[in-house]
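# Return atomic coordinates for the entry below.
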Amino acid sequence: MEAPKSLIDKISTEFTRGLHFASPLPSSRTNEFDLVRGVLQMLQGFSSGLFHWDRIAHCYSAKNGLYVTHLSQTSLRMVLDQFIHSATCLKLVEITLDFTFSTPTLRAFANSASAWLAKLRDLAKEEEVKMNRSKNGTAPTILGLASSLTSLCSGAEYLLQVVQGAVPKEYIEGDTRLSSDEMAVHILNSLYEKLNDACLVQGGEEDSYRMLLYIFVGCLLPYIEVLDSWIFEGILDDPFDEMFFYANKAIAIDEAEFWEKSYLLRSTKHKKLGMSHVTQKTIPVSSKTKGQNERDLVVCPLFFKDIAKEIISAGKSLQLIQHVPITSSSAPVGRNYDTKRCMTQLSLSEIFCLSLTALIGHGDHMSQFFWQNDKIVSATESCVGTSCSEKIWYKFLVDGLPANRMCVNMKGENVISFEPPVSSFCSENPTITVCQKLLQANPGGWNSLNLSNNYILPPLNDEELRKAVFDGTASKGTDYARDFPFGDSENVHSQHGIKVVEALFPFPTVLPSFKEDLLISELLPFQKNSTLVSKVLSWIQIVEPKSTPLPVVILQECLTFYIKKQVDNIGSQILTKLLRDWKLMDELGVLRDVYLLGSGDLLQHFLEVVFKKLDKGESWDDDFELNTVLQESIRNSADGTLLSSPDSLVVSLTKTDGQQNSTLSSSSSSFLASSPRKARAQMSRINDLDSLKFTYKVSWPLELIANAEALNKYNQVMNFLLRVKRAKFVLDKARRWMWKERGTTTVNRKHRWLVEQKLLHFVDAFHQYVMDRVYHSAWSELCEGMAAAGSLDEVIQVHEAYLLSIQRQCFVVPDKLWALIASRINSILGLALDLYSVQQTLSSGGTVSAIKARCHKEVDRIDKQFDDCMAFLLRVLSFKLNVGQFPHLADLVTRINYNNFYMSDTGNLITAPASDSLNFKLAKTISV
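Modelled structure (predicted):
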């Protein structure tokens, strides 16, 4: 027992503490053997008499005054400090990982980091075992220990950095609330970036790369398992909401908004504490799903952001294929069908691990074995003829393939093989998975483990057995081990039944031997051969990588390649469904015939009735009457069979801006005010038909492509075409009236004829332009785009481009330049109605000289305004920049300027009025 210190001793100790020349207390001296053992126990996370864990300071502390005889206290402290620091790092990692993690990615990270923590501590345990087993009397030294545990010390500090970077301190302490998806993305992005930094290691520094690779792969596996079920089965199995997209349960699969709003990218509106990785690099705005705020920051791993939209589309396509009833012989896409899926016998996580093993172990690219002749082959086919039998990935592959229980007999029929399978995986009896090496080494003992060679089981009819038990009477046939009391046929039937039982449950009596630290996945492989994944992870811990590829290379070669191939496969399947089974082009052809007025007489009767009502000033705002006329027009049409049913197309009246604001110019408005048929002209304007809205019921799932928004665009184009149609109708009618006056010729009548011909030529030329460019050329481009499309998303994009093209060619695009051009075209079409009104006035008895004079003035005004509009149109349409951007404008100029009637080849107007010079300058400015 140490004597109590005096005051002088206490003062001396206070001033001489830490000085190498100070004399230590004899009680603090320890031998080097105990010191080394204490250090090793501390590195394993235990406290001892020499080292203890300080709960307040959160670090290990050595006993005060600790010293050895052959080292100064300064030298000893320098040696011990590195061990204390390493042990503290490992203990802090242990404390962090002891935190309760509820989500799969967090649990996977904790398990992976804990496994590497155990691997580092095993190094210290091995040293302690060696020290205790030493019999030659050589005791380990503290300096030798510092040399042998260099990897442990460096690995401990680096592991702490990895853990603290992946799991922020604020999250552990609860200072910030993070959703499961944000936390999962932060962990994966943090590990991805650290692995990217660690890949450029120098010689002898592969441990840090191997550590990060092991933890990164372990954390990525839960993500891959969800992707596997999504892109191969169309099922989003994400109960913890960790994926970068989520299901909008308010949208059913049979709704028109399914494709746009059923599955959305996860997003956050602001950065959170410690979560810089979540939002530093986001998905481009063009990849976001419709309906999402473009200011939101998408929560997605860095390595999935480029294919995030394609992954979501693939699963949705699978759901469509599985939901729509099968109408042809084409096989559905799913895990149980021939889908050309990569490695049909293995899951996506397993092929990822195998490809990773081949890449870092041998530098091999697995894709060249499983992607042959532009198609993905099965695992069995890919192994034939290869020279990879000695490579570790090939052994993993062979051991990982499920047992083939079917064989073919001489007749070519599939029969059950009664030979008990012995492979690394047997889902019927998990013990065989563990005992495979024992069974393969002792094939002669299989017979002793089979039921048929040791037992004769009684039949289900146990009447004789009941008599022997309950009546106490001996009965022949109860000793099944000595005699079999049945005939030959019953015996054969019973033996066949026993064989079947053996095929279903091979080796029912075999038990596995005890093995320390046995992975539960190897003992009970609940999932599709999870032993392969655990074997690969164990292999990563000990392998010396042949190369240290960048994480982008790892993910591209081992994961993204197979995801893209499956996405492309699903895209080809959905396109086959769209074009063959669901008749997409036929449905778009119906829309083309209806909304682009391509059908010869489908709406002819309907339009004639409406035009006549407009001319007479009759009311036509009754929806029921309009639909009655429409149905009659469809039934009497030769193209009525285009529609699935007559009531699939309905018409309604809507209030539009055109009903409130006239598109005519101010001069045209003044003409209408002074017209002798003022009331009728004001009721009938060129944009009156804009209130008509046609609704066609597109069959599901094609309404995902031709949705309500697309039908609105079709209606805009149709309204414009109806203006052209009406202008042509009234001009043809006016010309018939003029033919009745051909017996008399005057200067005014010739002038009116010339104006009518100019208007008619413009309307006919413009109508021909529309039919050539909009109806034929745009449709050809649509067909070419559909043939080149690779997914439903691309089909939708092609259709939207088609709609934009016909909108632009009909000048109904919401753009300033197009609005100026459209206003002049509408003015010219309105002038056709004005001329028709003048001709109608003259033909209905306008013999009064005052009325004739006024009509002649109106014809002059129409002629002048037409020339002004034509001059403006030709200047804008022939402007080099506009023609270069939109080649169809050159075609329109050629048609309306036939034989250079209005403009010469050099661009000079033959009649160049100056009334629209300011408007032309404005249009030129907008076009630039």
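
# C-terminal to the longest helix that the chain contains, what's the next element?
Scanning the chain for the helix with the most residues, using DSSP state H, yields helix 708-740. Downstream of helix 708-740, the next assigned helix or strand under DSSP states H and E is helix 747-769.

# now the angle between helix 747-769 and the longest helix of the chain, please.
Angle of helix 708-740 versus helix 747-769, following axes from the mean of the first three to the mean of the last three Cα atoms, to 10 degrees, is 150 degrees.

# from here on, count from 6
Sure, I'll start numbering at 6, so the last one becomes helix 713-745.

# In terms of secondary structure, what does helix 713-745 contact?
In terms of contacts (3 or more Cβ pairs under 8 Å, 6 or more residues apart in numbering; DSSP states H and E), helix 713-745 is packed against helix 589-600, helix 609-621, strand 697-701, helix 752-774, helix 797-814, helix 821-848. Yep, even glycine has a C-beta here, placed from its N, CA and C like the rest.

# And the ones you listed: which comes nearest Gln324?
Of all these, helix 797-814 sits nearest to Gln324, with 11.2 Å by Cβ to Cβ.

# Give the rounded mean pLDDT of that closest one.
Mean pLDDT, computed over helix 797-814, is 91.

# List the buried residues in it.
Within helix 797-814, the residues that count as buried by 16 or more other Cβ atoms under 10 Å are 797-801, 803-804, 807-808, 810-814.

# Same question for the longest helix of the chain: list its buried residues.
For helix 713-745, a neighbour-count test (16+ other Cβ under 10 Å) marks 715-716, 718-736, 738-739, 743 as buried.

# Now do that helix against strand 697-701, angle only.
Using the same axes, to 10 degrees: helix 713-745 against strand 697-701 is 130 degrees.

# any idea where the strands of the chain begin and end?
Taking DSSP state E, the strands of the chain run over residues 56-59, 64-67, 250-252, 268-270, 272-273, 302-303, 376-377, 380-381, 411-413, 419-421, 654-658, 697-701.

# can you list the buried residues of helix 797-814 in JSON lines and add distance to Ser53?
Listed next are those as JSON lines, based on distance: Cβ to Cβ, whole Å:
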{"residue": "Leu797", "distance to Ser53": "66"}
{"residue": "Asp798", "distance to Ser53": "64"}
{"residue": "Glu799", "distance to Ser53": "67"}
{"residue": "Val800", "distance to Ser53": "70"}
{"residue": "Ile801", "distance to Ser53": "69"}
{"residue": "Val803", "distance to Ser53": "73"}
{"residue": "His804", "distance to Ser53": "74"}
{"residue": "Tyr807", "distance to Ser53": "78"}
{"residue": "Leu808", "distance to Ser53": "78"}
{"residue": "Ser810", "distance to Ser53": "81"}
{"residue": "Ile811", "distance to Ser53": "84"}
{"residue": "Gln812", "distance to Ser53": "81"}
{"residue": "Arg813", "distance to Ser53": "82"}
{"residue": "Gln814", "distance to Ser53": "86"}
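
# what's the closest of the residues you listed to Lys582?
Lys582 has its nearest neighbour among those in Leu797, at 9.4 Å by Cβ to Cβ.

# quick one: that closest one from Asp620, how far?
For Leu797, the distance to Asp620 equals 47 Å [Cβ to Cβ, to the nearest Å].

# do Asn902 as well
Distance, Asn902 to Asp620, using Cβ to Cβ: 31 Å.

# neighbours around Asn692, how many?
Asn692 has 22 neighbours, counted by other Cβ atoms under 10 Å.

# State the distance from it to Ser796.
Separation of Asn692 from Ser796 (Cβ to Cβ) stands at 40 Å.

# ditto for Ser828
Ser828 is 40 Å from Ser796, by Cβ to Cβ.

# and if you look at Val497?
Val497 is 57 Å from Ser796, by Cβ to Cβ.

# The two: which is more packed in?
Taking neighbours as other Cβ under 10 Å, Val497 and Ser796 compare with Ser796 leading, 20 against 11.

# can you pull the contacts of that one?
315, 318-319, 322, 572-573, 575-576, 579-580 (Cβ atoms under 8 Å, 6 or more residues apart in numbering).

# ok, and the most crowded of these?
Ala319 (30 neighbours).

# Show the contacting residues for the nearest residue to Leu193 once chain neighbours are set aside.
Nearest residue to Leu193 in three dimensions, chain neighbours excluded: Pro306, at 4.7 Å (Cβ to Cβ, 6 or more residues apart in numbering). Contacts for Pro306 (Cβ under 8 Å, 6+ apart) come out as 190, 193-194, 197, 228, 249.

# Tell me the confidence at Pro306?
pLDDT for Pro306: 92.

# Phi, psi for it please.
Main-chain dihedrals, Pro306, degrees, to the nearest 10: phi -60, psi 150.

# Could you count how many residues lie near Lys755?
Lys755: 10 neighbours (other Cβ under 10 Å).

# Give me the pLDDT value at it.
Lys755 carries a pLDDT score of 79 in this model.

# Next: Leu879.
Reading off the model, Leu879 has pLDDT 81.

# ok, it touching Val898?
Yes - using Cβ atoms under 8 Å, Leu879 is in contact with Val898, at 6.4 Å.

# Check whether Phe104 really touches Pro173, as I assumed.
No - using Cβ under 8 Å, Phe104 is not in contact with Pro173; the gap is 11.9 Å.

# Could I get the full set of helices for the stretch 256-405 of the chain?
263-266, 281-284, 313-328, 353-367, 372-375, 384-388, 397-405 (DSSP state H, counting those that start in this stretch).

# Could you give me the buried positions within the third one?
Going back to what we said before, that points to helix 313-328. 313-326.

# Adding pLDDT and distance to Glu211 as columns, could you present these in TSV?
Formatted as TSV, the buried residues of helix 313-328 follow (pLDDT from 0 to 100; distance: Cβ to Cβ, whole Å):
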residue	pLDDT	distance to Glu211
Ala313	92	32
Lys314	92	37
Glu315	93	35
Ile316	94	33
Ile317	94	37
Ser318	93	39
Ala319	93	37
Gly320	93	38
Lys321	94	42
Ser322	93	42
Leu323	93	41
Gln324	92	44
Leu325	91	47
Ile326	90	46
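
# which among those residues gets closest to Trp705?
For the buried residues of helix 313-328, the residue nearest Trp705 by Cβ to Cβ is Leu325; the value is 9.6 Å.

# what sits up against stretch 227-238?
With Cβ under 8 Å, 6+ apart as the test, stretch 227-238 has contacts from 109-110, 113, 189, 193, 240-243, 247-248, 306, 316, 319-320, 323, 339-340, 344, 346, 352-354, 357, 564, 568, 571-572, 575.

# Also stretch 156-172?
The contact list for stretch 156-172 (Cβ under 8 Å, 6+ apart) reads 48, 87-88, 90-92, 94-95, 97-98, 101-102, 104, 111, 114, 118, 121-122, 125, 128-129, 191-192, 195-196, 199, 212-213, 216-217, 220.

# Quick one: buried ones out of those?
Among the contacts of stretch 156-172, those classed as buried by 16+ other Cβ under 10 Å are 48, 87-88, 90-92, 94-95, 97-98, 101-102, 111, 114, 118, 121-122, 125, 128-129, 191-192, 195-196, 199, 212-213, 216-217, 220.
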